[in-house]
Structures are given as C-alpha cells and as structure tokens.
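Student: kindly generate the corresponding structure for this input.
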Amino acid sequence: MVGSAIWRKLETTREYQLTGRTHAELDLQNQQAVLKFFADEKPDVVIDAAARVGGIMANATYPYQFLSDNLQIQNNLIQGAFDSGVKRFIFLGSSCIYPRLAPQPIQEESLLTGELEPTNQWYAIAKIAGVKTIEALRRQYQLNYVSLMPTNLYGPFDNFDLETSHVLPAMIRKFHDATRNNHAPVALWGSGSALREFLHVDDLAEAVNFLLNKVTPYDLYNVGTGTDLSIKNLALLIQEIVGHKGEIKWDTTKPDGTPRKLLDVQRLHTLGWKASINLEAGIRNTYEWFVANYNQVKQVKIKPNQV
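Tutor: Got it, this is the predicted structure:
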C-alpha cells in the first residue's frame, strides 16, 4: 500500500528515475542480495517503505517474525545505502514506537520515555532500532537521512485479510461482507473507546515527496492529521459509508490496545506540509477501491511469511 502510493506520486512529478523491486525479485532479508542491488543500481535516494506489518492478532501470533524480519529488512537497506554513498534516506516507521501512555498529542521527544503497548511491542522495538540507526548516522556522518513516523494508514491496496489487517480495512471488509449477508451482525474487538488517528496513504506520499529535497533540521518527524476519533465512531462512519443496517457487537474480552494515540505534527507543519484528505472522503475512496477489486481482495489470504 505505502510503496505503491509513493511510487504513484513520484511518477506524477516526473522529477525522478524510479527503481524498485518486488519481493519475488529482491528478498530484503538477504543481505548479500541487497548489497548487490545497491552496487548495481547506485541510487541517490532510498525510501524504505518495506516492512512486515499487521494488526493486533498478527502481532500476537508472530512476535518473533515481527521483530526479527523488520530488523533484517531495515538493517540491510540502511547499511547498503550507507556503504554505497546514498545521499538521502527516508525511513518509514510507525507511531507505535511511542510509549503506551505518552502525553497526548505525542511529540517526537516522547520516544523511549515509557513502556510500549504490549500488543505491538515487537514491531515497535524493531522500528525504534531503525529510528536510532538513522539518528546515529546523522550524528556521526552528518548525512541527510530522516525517519518519518506516520499515524495509522489506510487507502487503496491495503491488506483486507481479517486475520492480519489493521482496524480500518478490517472494518471495511467486515461491514461489506455482513451487508451482502442480509446485514448480519458485525463483531468488533474491544470496547470501541480507544482513540485513533488515521492518515490516507496518498497524504503520506505527498509528505515523502515534500521532504525529498529538503534538508531537515531533525532526524524524526511525525506524519498525521492532528485529529482523532474513537474506534466506535470510526465503526459508525464506516457502517454508514458501506450501508450496513445490522447490529454491531463489541467483544470486550478482546484488547483495545493503546488508549489513545494522537501525534503532534507541529514539526512537519513548521516545514510547510499538512495533510489534506478528509477522513470520510478518504474512507469513501478506499471503499470504492475495495468494491472495485473485491473479487481479488477476498481471495487474498496473508500467510505468516507474507505479512
């Protein structure tokens, strides 16, 4: 989802010669293959949008893979870029790097000031290591490398597999399928009270493009909208957009995750960038894409080694 959005955006600018590889063409966990890629292609800029990602269930089921695979992927890319003299590196992480009970909205300075959310700590620890690696390279070698921490992302080409997807695409899938099944009840995890912020992936792509040619005074920037809503209100909004008329059943035996996760985006605003896609409009856009591609999406089953 993220890589394709950034690729689409950079294609429209016609300022860059883009080079990329699919997972089948280049295994980013294979250090020698990654180093050979850098030696052959000699890129000037690297945007690291590759990661093993997933929701609460996926993180709980595959903790070792979420920690180990992400460490391998980012370490290979950062090392390859550094060794080959890459001038600009943009590392994409996640807002889950911040403490579970960080003061809201969460500032970049909150990193490593408290305990992580247990339901995604494995992924978070890997991404924290990436952030600190970028910081270390900037400090020691004065490189123009930067980390971007997006809030919860959604949009076209998202993962809609119910076992491994994040909350927003999972809701789209559940409400759509229930609507087609005579508006059957929809079961959702938790109490619905947790507060979350959501950013359309095209907004993130705009932020990446905005920062490509800038010298950034900080090594870490939050990327978000600066507004949030409860999971319950998100469910009601998606239910309305999809047209589901049935009951919502909240399973309070399942975890809510972090109580609130709203990013402070003043650093990026100060540079001159703000998100522009309204949440309702963004969800409608995503749902239209989902419906148009439903026959393909419903057949996609994400396996543990594909998350």
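Student: ranges for the helices of the stretch 101-250 of the chain?
Tutor: Counting by DSSP state H, counting those that start in this stretch, the stretch 101-250 of the chain has helices at residues 121-141, 167-180, 201-211, 231-242.
Student: now distance to residue 29, mean pLDDT and mean neighbour count too, for those helices, in CSV please.
Tutor: Where C-beta positions appear, they are placed from N, C-alpha and C, glycine not excepted. Conversion of those to CSV gives the following (distance: least, Cβ to Cβ, whole Å; pLDDT from 0 to 100; neighbours: other Cβ atoms under 10 Å):
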stretch, distance to residue 29, mean pLDDT, mean neighbour count
helix 121-141, 12, 97, 19
helix 167-180, 25, 97, 22
helix 201-211, 23, 98, 22
helix 231-242, 33, 98, 19
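Student: in JSON lines, list the ones you listed along with distance to residue 76.
Tutor: Conversion of those to JSON lines gives the following (distance: least, Cβ to Cβ, whole Å):
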{"stretch": "helix 121-141", "distance to residue 76": "11"}
{"stretch": "helix 167-180", "distance to residue 76": "28"}
{"stretch": "helix 201-211", "distance to residue 76": "20"}
{"stretch": "helix 231-242", "distance to residue 76": "35"}
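Student: out of these, which comes closest to residue 271?
Tutor: Residue 271 sits nearest to helix 201-211 of all the helices of the stretch 101-250 of the chain, at 7.6 Å, using Cβ to Cβ.
Student: which strands and helices lie in contact with the closest one?
Tutor: helix 2-13, strand 88-92, strand 144-150, strand 152-154, strand 220-223, helix 266-271 (3 or more Cβ pairs under 8 Å, 6 or more residues apart in numbering; DSSP states H and E).
Student: now these in JSON lines, with distance to residue 206 and mean pLDDT?
Tutor: Below are the helices and strands packed on helix 201-211 laid out as JSON lines (distance: least, Cβ to Cβ, whole Å; pLDDT from 0 to 100):
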{"stretch": "helix 2-13", "distance to residue 206": "6", "mean pLDDT": "95"}
{"stretch": "strand 88-92", "distance to residue 206": "13", "mean pLDDT": "97"}
{"stretch": "strand 144-150", "distance to residue 206": "12", "mean pLDDT": "97"}
{"stretch": "strand 152-154", "distance to residue 206": "13", "mean pLDDT": "95"}
{"stretch": "strand 220-223", "distance to residue 206": "10", "mean pLDDT": "98"}
{"stretch": "helix 266-271", "distance to residue 206": "11", "mean pLDDT": "97"}
